[in-house]
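Novice: Okay, predicted coordinates and the sequence, questions at the end:
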Amino acid sequence: MTEHATSDTDTLIREYDRESGFRQLRGPLRFFVAAICIALSVFHIYTAGFGLLNEVSHRSVHMAFTMGLLFLLFPRARPIRRGASVGFGVIFAAFYLIFTYQLVSALSGQIGMGLTLASYAFAGLIALSALPFRFLGGQGDRIGLLDWPLALLGAGFSAYILIFFERIFVTNVGFPLPIDYLMGGIAILMVVEGARRTMGEALPLIGLMALLYATLGQYLPDALAHRGYDVLRLIGHLYLGTEGIYGVAVGVAATYVYHFVLFGVLAQASGLGQLFIDLATVLAGRYSGGPAKVSVVSSGFFGMISGSPIANTVTTGAFTIPMMKRYGFGSKFSAATEAAASCGGQITPPIMGASAFVMSEMLGIPYNELILIAVIPAAFHYLATLCMVHFEARRRGLAGIPAADRPRFLDVMASRWHQVIPIVVMVTLLMMRFTPFLAAFWGIILTVVCSYIPLVLRPLGFTRLDNTSVLTPRRLTTSLEEGAKQSIAITAACACVGFLLGVTTLTGLGFKFSGAIVEMAHATGSWLAPLLPFGLFSESGLILFSALLLVAVACILMGAGIPTTPTYIILASIVAPALDEFGIALLAAHFFVFYYGVLADVTPPVALAAYAGAGISGSDPMPTGVTAFRLSMGKALVPLMFMYAPSLLFLDFSWVEFSVAMFSGVLCIVALSAAYIGYFAAPIRRWEVYLLTVLGLTLVGNNPWVVAVCSAVVIGLLARNRLKVNEEGQPSAAAG
């Protein structure tokens with residue numbers, strides 16, 4: 001990729017991926033921040049290979065580095081002229097002041113005038129930081145005066161835990177000092193502000209609502225009411241333990257996520273991304289609509305090492321989207337295809353993004369087992385996208401990539417075989433039940449070592465080896481720096497989600513929310529049962545379907561504007577338990593909310609991956625987002641499939657159920673893909689589109705008799721279309 005293309009890629013990532021909207025620092029300050037980032041990466045590489053600290057200390061070290069870096073690397077606020085909301089800034093500023101007042105009042109008589117004034121000074125400082133006014137500075141690439149003290153305080157509340165660890169957690173456990181509460185208050189405010197800077201307003205607002213719910217429980221309606229907790233009890237629970245800020249979410253971000261994100265950054269720097277694109281071109285380029293199929297396959301490959309759908313869209317899309325347009329696809333469809341395929345990376349083994357690591361930790365299931373469980377659902381997603389791409393290509397009469405423009409497999413492997421070694425070793429270690437830490441450690445080490453193989457072997461006659469991606473000291477340090485930067489936003493999000501997890505364990509919020517869903521599902525199912533003719537659906541079946549639909553809608557609404565990992569953690573904590581009431585296995589319930597949470601980046605109106613693709617293709621962002629969501633149909637339907645047929649997740653496995661589910665799932669995807677594109681061997685009539693849509697959705701269930709009847713009709717319709725082509729000759733392609 002050229003230097004100009006790389007610059008455009010970086011610009012698009014910064015524009016659409018708020019998590020990557022770092023300041024571009026210069027001069028000595030740039031080297032200072034880079035040194036801190038590199039130190040953090042070296043710390044994590046060492047702990048991955050030689051053992052972690054105790055959980056609180058390890059998480060505190062990670063938080064101290066990342067929260068300090070956050071306020072130096074992320075702009076304070078967006079300028080008002082660019083559409084930032086003054087109202088949200090005022091809401092956060094007011095919360096910071098009110099929370100500090102409540103904390104100081106609760107500690108009245110226990111702290112002196114000096115600490116009281118210092119607390120109010122801090123509250124004023126962070127309140128000013130939340131307001132999007134240009135005269136306060138710190139909105140662009142230059143660090144403002146407000147950012148330096150906030151960076152020190154961001155690092156300080158976790159450093160405090162490290163320094164006084166023995167007193168807080170060993171000798172004086174259960175009896176915090178007033179200064180402990182003050183530091184906890186700082187921690188809560190800094191986490192909210194950090195999440196606001198890196199994630200926007202939606203996630204920290206959810207965090208604030210969780211805090212308000214904990215403190216105002218006695219004033220709420222009976223269905224949601226609880227005893228209520230004062231600010232000191234809340235701080236003690238969220239800061240001085242492992243149920244809140246330093247809970248499982250930050251624990252995963254400080255271990256699995258960081259290690260594999262760093263591996264992905266190093267692998268990409270060593271040329272693995274280009275290898276994936278070349279292999280995808282070899283595998284799929286020759287077929288009808290080859291460029292779009294290359295986009296799907298390469299994004300699937302790249303997604304295995306990248307947890308960011310937006311970065312995946314921009315990185316592979318910079319190559320595939322212009323190629324799709326050049327070979328006849330429309331701008332909107334090209335961008336939507338890349339976005340839909342890129343979002344599949346979060347559900348594609350072996351890495352699957354950060355959410356899978358959180359799931360492993362929350363469920364206590366070994367990660368290597370999750371990898372196997374995720375294979376078939378991920379395959380369904382890519383099958384659906386490939387089917388729609390294929391039908392669209394045939395509808396337009398598009399050919400594949402000419403042989404002269406396709407690389408040869410032997411040439412690709414001859415020049416880049418050494419780049420495959422790290423990922424093969426890493427996956428092998430995971431399959432052999434070694435810890436993810438050790439797998440990531442060897443993946444990182446071998447990525448660096450193997451990048452030097454061309455320099456060693458070329459003098460011995462291996463002249464075809466590519467030596468342009470050697471991780472030289474400069475490239476290596478840049479990658480270590482980038483790995484640390486990429487972990488900042490996810491850490492801030494996980495710390496903020498810790499509020500919700502802590503409040504849930506403190507107040508029983510999850511049980512109350514789950515109870516509400518169960519009640520609504522029973523009411524909906526009981527209302528629908530008499531309305532449907534012939535008793536085709538039992539009342540219990542309608543109640544279950546209503547519950548699944550309610551949970552799916554909650555996931556999609558929550559996912560609009562919030563990254564996948566915090567969305568999954570929130571939903572797994574307060575929504576997934578509702579499905580347990582219907583006898584659904586916990587793993588299936590978690591996979592259900594995980595899959596719908598993943599749709600966040602292609603769910604309008606905040607389909608950021610689709611918008612990034614639209615930025616490359618020049619298409620209208622909103623229609624592109626709608627198209628990307630429809631192209632992600634497989635990901636939307638697969639959760640319903642494995643709810644009705646758990647054998648797809650290898651739960652309560654039965655060969656009969658598995659075979660029926662595989663057959664009906666494939667036919668469902670083909671039918672709905674043909675209906676969406678309006679083509680299967682020949683253009684499909686309007687009534688056939690409606691019928692295929694209804695039959696395809698019905699095939700989601702796993703009732704053998706229903707599957708048999710619907711399958712016969714679907715196969716008959718598609719065969720009729722095929723026979724019509726054979727009798728009349730190939731119809732002319734549609735012009736669209």
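Specialist: Looks like it came in fine. Numbers count the residues shown, from 1 in each chain.

Novice: Only C-alpha atoms from now on, for both contacts and neighbour counts.
Specialist: Fine.

Novice: So for residue 580, what's the pLDDT?
Specialist: For residue 580, the pLDDT comes out at 79.

Novice: what's near enough to touch it?
Specialist: By C-alpha atoms under 8 Å, 6 or more residues apart in numbering, the residues touching residue 580 are 586, 589.

Novice: which ones are touching the residue most central in space within the chain?
Specialist: By C-alpha atoms, centre = their mean, the chain has its centre lying nearest to residue 564, at 3.5 Å. Going by C-alpha under 8 Å, 6+ apart, residue 564 touches 355, 594, 597-598, 600.

Novice: Can you tell me which of the residues you listed has the most neighbours?
Specialist: residue 597 (30 neighbours; other C-alpha atoms under 10 Å).

Novice: mind listing what that residue touches?
Specialist: Residues near residue 597 by C-alpha under 8 Å, 6+ apart: 555-556, 558-559, 564, 567-568.

Novice: Could you list which of the contacts of residue 564 belong to helices?
Specialist: Members of these lying in helices (criterion: DSSP state H): 355, 594, 597-598.

Novice: which one of these sits closest to residue 670?
Specialist: residue 598 (22.2 Å; C-alpha to C-alpha).

Novice: Grab the nearest non-local neighbour of the closest one.
Specialist: Closest residue in space to residue 598, ignoring its immediate chain neighbours: residue 564 at 5.4 Å, by C-alpha to C-alpha, 6 or more residues apart in numbering.

Novice: got it, and residue 273?
Specialist: residue 302 is the one closest to residue 273 (C-alpha to C-alpha, 6+ apart), at 6.1 Å.

Novice: Confirm that that neighbour lies within a helix, as I assumed.
Specialist: Yes. Checked against DSSP: H, G, I helix; E, B strand; the rest coil, residue 302 lies within a helix.

Novice: if I look at it, how far off is residue 711?
Specialist: Using C-alpha to C-alpha, to the nearest Å, we find residue 302 at a distance of 35 Å from residue 711.

Novice: Looking at these two, which has the bigger crowd around it?
Specialist: For residue 302 versus residue 711, neighbours defined as other C-alpha under 10 Å are more numerous around residue 302 (28 against 21).

Novice: contacting residues around that one?
Specialist: By C-alpha under 8 Å, 6+ apart, the residues touching residue 302 are 273, 276, 312, 316, 345.

Novice: could those go into CSV alongside neighbour count, distance to residue 676 and secondary structure?
Specialist: Shown next, in CSV, are these (neighbours: other C-alpha atoms under 10 Å; distance: C-alpha to C-alpha, whole Å; DSSP: H, G, I helix; E, B strand; the rest coil):
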residue, neighbour count, distance to residue 676, secondary structure
273, 24, 31, helix
276, 21, 29, helix
312, 29, 25, helix
316, 26, 25, helix
345, 27, 23, helix
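
Novice: And those, which is closest to residue 386?
Specialist: Among those, and counting by C-alpha to C-alpha, the member closest to residue 386 is residue 345, at 14.8 Å.

Novice: wait, the closest one sits on residue 339?
Specialist: No. Counting by C-alpha atoms under 8 Å, residue 345 stays clear of residue 339, with 10.4 Å between them.

Novice: Around residue 411, count how many other residues there are.
Specialist: 13.

Novice: Does it lie in a helix or a strand, and which?
Specialist: helix 409-416 (DSSP states H and E).

Novice: Alpha carbons only: can I get that helix in CSV?
Specialist: Output in CSV follows, covering the C-alpha atoms of helix 409-416 (Å, rounded to 0.1, in the frame of the first residue of the first chain):
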residue,chain,number,x,y,z
PHE,A,409,-0.9,-19.5,-5.1
LEU,A,410,2.6,-20.9,-5.3
ASP,A,411,4.0,-17.5,-5.9
VAL,A,412,2.2,-16.1,-2.9
MET,A,413,3.3,-18.9,-0.6
ALA,A,414,6.9,-18.8,-2.0
SER,A,415,7.2,-15.2,-1.0
ARG,A,416,5.2,-15.1,2.2
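
Novice: On the C-terminal side of it, identify the next helix or strand.
Specialist: Sequence-wise, the next helix or strand downstream of helix 409-416 (DSSP H and E) is helix 421-431.

Novice: Next, the buried residues of that following helix.
Specialist: Going by neighbour count (16 or more other C-alpha atoms under 10 Å), the buried part of helix 421-431 is 422-423, 425-427, 429-431.

Novice: Show the average pLDDT along the helix or strand containing residue 343.
Specialist: Applying DSSP H and E as the criterion places residue 343 in helix 331-343. Mean pLDDT, helix 331-343: 87.

Novice: Run the chain-centre distance for that helix.
Specialist: Here helix 331-343 shows a centroid-to-chain-centroid distance of 17 Å under the convention C-alpha atoms, centre = their mean, to the nearest Å.

Novice: and residue 456, how many neighbours does it have?
Specialist: By other C-alpha under 10 Å, the residues close to residue 456 number 11.

Novice: For it, what is the enclosing helix or strand?
Specialist: helix 453-457.

Novice: Tell me which helix or strand comes right after that helix.
Specialist: Where DSSP H and E defines the elements, the next helix or strand beyond helix 453-457 is helix 473-507.

Novice: and that next one, what other elements does it pack with?
Specialist: Helices and strands touching helix 473-507, by 3 or more C-alpha pairs under 8 Å, 6 or more residues apart in numbering; DSSP states H and E, are helix 27-50, helix 55-73, helix 178-199, helix 202-215, helix 231-239, helix 248-252, helix 258-269, helix 564-574.

Novice: Which positions in the fifth one come out as buried?
Specialist: Put plainly, it is helix 231-239. Under 16+ other C-alpha under 10 Å, the buried positions of helix 231-239 are 231-232, 234-239.

Novice: what sits up against the helix holding residue 456?
Specialist: If you take C-alpha under 8 Å, 6+ apart as the criterion, helix 453-457 is touched by 418, 462-463, 465-467.

Novice: that older thread, dump the ones in helices among the contacts of residue 564 to TSV, plus pLDDT and distance to residue 284.
Specialist: TSV is the format used below for the ones in helices among the contacts of residue 564 (pLDDT from 0 to 100; distance: C-alpha to C-alpha, whole Å):
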residue	pLDDT	distance to residue 284
355	74	29
594	85	29
597	78	29
598	77	26
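
Novice: okay if I get those residues as CSV plus distance to residue 207?
Specialist: Compiled in CSV, the ones in helices among the contacts of residue 564 are given as follows (distance: C-alpha to C-alpha, whole Å):
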residue, distance to residue 207
355, 19
594, 20
597, 18
598, 20
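
Novice: Surely residue 495 touches residue 248?
Specialist: No. Taking C-alpha under 8 Å as the definition, residue 495 is not a contact partner of residue 248, at 9.4 Å.

Novice: For the two, indicate the residue with more neighbours.
Specialist: Neighbour count, other C-alpha under 10 Å: between residue 495 and residue 248, residue 495 has more, with 31 against 23.

Novice: And stretch 702-715, what's buried?
Specialist: For stretch 702-715, by 16+ other C-alpha under 10 Å, it's 702-703, 707, 710-711, 714.

Novice: Mind checking which of those land in helices?
Specialist: Among these, DSSP H puts 707, 710-711, 714 in helices.

Novice: May I ask which helix or strand of this protein has the lowest mean pLDDT?
Specialist: Lowest mean confidence among the helices and strands of the chain (mean pLDDT, DSSP states H and E): helix 3-16, at a mean of 57.

Novice: Not counting residues beside it along the chain, what's closest to residue 426?
Specialist: Using C-alpha to C-alpha, 6+ apart and skipping the chain neighbours, the partner closest in space to residue 426 is residue 439 (4.8 Å).
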